[in-house]
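**Student:** output the structure for:
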Amino acid sequence: MGSYLNTGFEKFEESLNARLYVDKSELISVLNDYVETEQRFFCISRPRRFGKTVTANMLCAYYSKNTDSSFLFDNLKISHDDSYKTHLNQYNTLFLNITDEFNRAEQNVKTMIKRITDFVSGEIKEAYPEIKLLDQYDLSLTLESMYSQTKKGFVIVIDEWDCIMRERKTDAEGIKTYLEWLKLLMKDKSYVALAYMTGILPIKKCGTHSSLNMFDEYSMTDPGDYASYIGFTENEVLSLCEEYKVDFGLMKKWYDGYSFENSPHLYNPNSVVCAIDENKFKSYWTQTETFESLRRYIDLNMAGLRDEVVKLIAGNEVVVNTSRFHND
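**Tutor:** Below you'll find the predicted structure:
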């Protein structure tokens, strides 16, 4: 198993072996409906500690070729879907964690792109020595070479895709270079069987248009049919509380924080798991990020944000039109 190509099932197996695991594998059945179709590009953004990486690892474990992960999935909900065996371990899967790659490249976009290209090309040559690469220094041409000779598409999974926009907000040139690279890598490419990106931010606009407009976006403000895969549903939390003898009323009071049309009660997964593990109810989300990252936006009082926060603290109800806001 490689670090980028067909990464295997070990990371997902660690999640399954955890004391607490909630089965979200039915997401795979939804994605399977769009494999090798025009609607095969997904960007699902979530807040911190909402299981983004666990989901990415699950997809890699399920789709990756040259392995057999059926023993992990045979007892999960996805195993009851008609598409289960059809796509299980059938695709060369490319996994990228942009946060890790960006930091390894000392937060230089061009260096990061070169490193990723070199390492992925190296793994492909090692795994498929018979493949003749058109240009090993161009990742899209490398994947195209492999696809044309094997006739098998790639599943591309990108975790923390928005890291550069968050870490280098003012690097307009770097952001543009990164978005254009992603576009070249995936847009209109027949070798892409499925593309799944996840991060905190929705897709960043570049100029007056999006370089990645082939993606369907599902955010926390507009999750569509994916709401139940974004957090823990009320029934899932109730089952956990019954299993671990935890007061469901208190769990609901503390962590029932999100409501969507098809999922009226959605809970933060990390908070629920921590409360059960530590047998204590408290604000676990605040441990995932410093207040300073939010304070700057509150102090700017853009669109009266600070005034609205004051009203909330005072116990009043505030209606906010989230469609007025972009990423920040």
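**Student:** use CA for all of it now, contacts and neighbours both
**Tutor:** OK.
**Student:** lowest-pLDDT helix or strand in the chain?
**Tutor:** helix 292-300 (a mean of 75; mean pLDDT, DSSP states H and E).
**Student:** on contacts alone, who are the packing partners of it?
**Tutor:** Here helix 292-300 touches helix 305-313, going by 3 or more C-alpha pairs under 8 Å, 6 or more residues apart in numbering; DSSP states H and E.
**Student:** what does the helix it packs on contact?
**Tutor:** Counting contacts by C-alpha atoms under 8 Å, 6 or more residues apart in numbering, the residues outside helix 305-313 that touch it are Ile298, Asp299, Leu300, Asn301, Glu317, Val318.
**Student:** thinking again about what came up before, relative orientation of the least confident helix or strand of the chain and helix 305-313 in degrees?
**Tutor:** Relative orientation of helix 292-300 versus helix 305-313 (axes from the mean of the first three to the mean of the last three C-alpha atoms, to 10 degrees): 110 degrees.
**Student:** which residues sit against helix 292-300?
**Tutor:** Leu305, Arg306, Val309.
**Student:** quick one: buried residues of it?
**Tutor:** By neighbour count with 16 or more other C-alpha atoms under 10 Å, helix 292-300 contains the buried residues Ile298.
**Student:** before we move on, what about stretch 3-22?
**Tutor:** Counting neighbours by 16+ other C-alpha under 10 Å, one finds that the buried residues in stretch 3-22 are Tyr4, Leu5, Asn6, Thr7, Gly8, Phe9, Lys11, Phe12, Glu13, Ser15, Leu16, Val22.
**Student:** same question for stretch 98-109.
**Tutor:** Ile98, Thr99, Glu101, Phe102, Ala105, Gln107, Val109.
**Student:** do the same with stretch 230-250
**Tutor:** Of the residues in stretch 230-250, those buried by neighbour count under the rule 16+ other C-alpha under 10 Å are Ile230, Gly231, Phe232, Thr233, Glu234, Val237, Leu238, Leu240, Cys241, Val246, Phe248.
**Student:** quick one: contacts of whichever strand or helix holds Ser15?
**Tutor:** With elements taken from DSSP states H and E, the one containing Ser15 is helix 10-16. Surrounding helix 10-16, the residues in contact under the criterion C-alpha under 8 Å, 6+ apart are Tyr21, Val54, Asn57, Met58, Ala61, Leu72.
**Student:** how about 10 Å then?
**Tutor:** Counting by C-alpha atoms under 10 Å, 6 or more residues apart in numbering, the neighbours of helix 10-16 from elsewhere in the structure are 1, 21-23, 53-62, 69, 71-73.
**Student:** what about it, distance to the chain center?
**Tutor:** Relative to its parent chain, helix 10-16 has a centroid offset of 16 Å by C-alpha atoms, centre = their mean, to the nearest Å.
**Student:** also stretch 266-284?
**Tutor:** Using C-alpha atoms, centre = their mean, the distance between the centre of stretch 266-284 and that of its chain works out at 21 Å.
**Student:** what comes up buried for it?
**Tutor:** 266-276, 281, 284.
**Student:** show me these that map onto strands.
**Tutor:** The members of the buried residues of stretch 266-284 that map onto strands under DSSP state E are Leu266, Tyr267.
**Student:** mind checking which of the contacts of helix 10-16 are in helices?
**Tutor:** Among the contacts of helix 10-16, the members found in helices (DSSP state H) are 53-62, 71-73.
**Student:** just the buried ones from those?
**Tutor:** Thr53, Val54, Thr55, Ala56, Asn57, Met58, Leu59, Cys60, Ala61, Tyr62, Leu72, Phe73.
**Student:** for those residues, which one is nearest Val30?
**Tutor:** Using C-alpha to C-alpha, Leu59 is the member of those that sits closest to Val30, with 11.9 Å.
**Student:** which SSE is the nearest residue to that closest one once chain neighbours are set aside in?
**Tutor:** Take Leu59 and drop its neighbours on the chain: the residue closest to it by C-alpha to C-alpha, 6 or more residues apart in numbering is Ile28, 7.3 Å away. Assessed by DSSP H and E, Ile28 sits inside helix 26-32.
**Student:** show me the protein divided up by domain.
**Tutor:** According to the TED database, the chain is divided into the following domains: 9-223, 232-278, 293-327.
**Student:** just how off-centre is the last one within its chain?
**Tutor:** In terms of C-alpha atoms, centre = their mean, the gap separating the centre of domain 293-327 from the centre of its chain is 26 Å.
**Student:** same question for stretch 91-107.
**Tutor:** Mean C-alpha position of stretch 91-107 versus that of the full chain (C-alpha atoms, centre = their mean) differs by 13 Å.
**Student:** got it, and stretch 157-172?
**Tutor:** Distance of stretch 157-172 from the chain centroid (C-alpha atoms, centre = their mean) equals 13 Å.
**Student:** stretch 188-197 too?
**Tutor:** Averaging C-alpha coordinates over stretch 188-197 and over its chain gives two centres that are 15 Å apart (C-alpha atoms, centre = their mean).
**Student:** check stretch 190-203 too.
**Tutor:** Chain-centre distance of stretch 190-203: 8 Å, with C-alpha atoms, centre = their mean.
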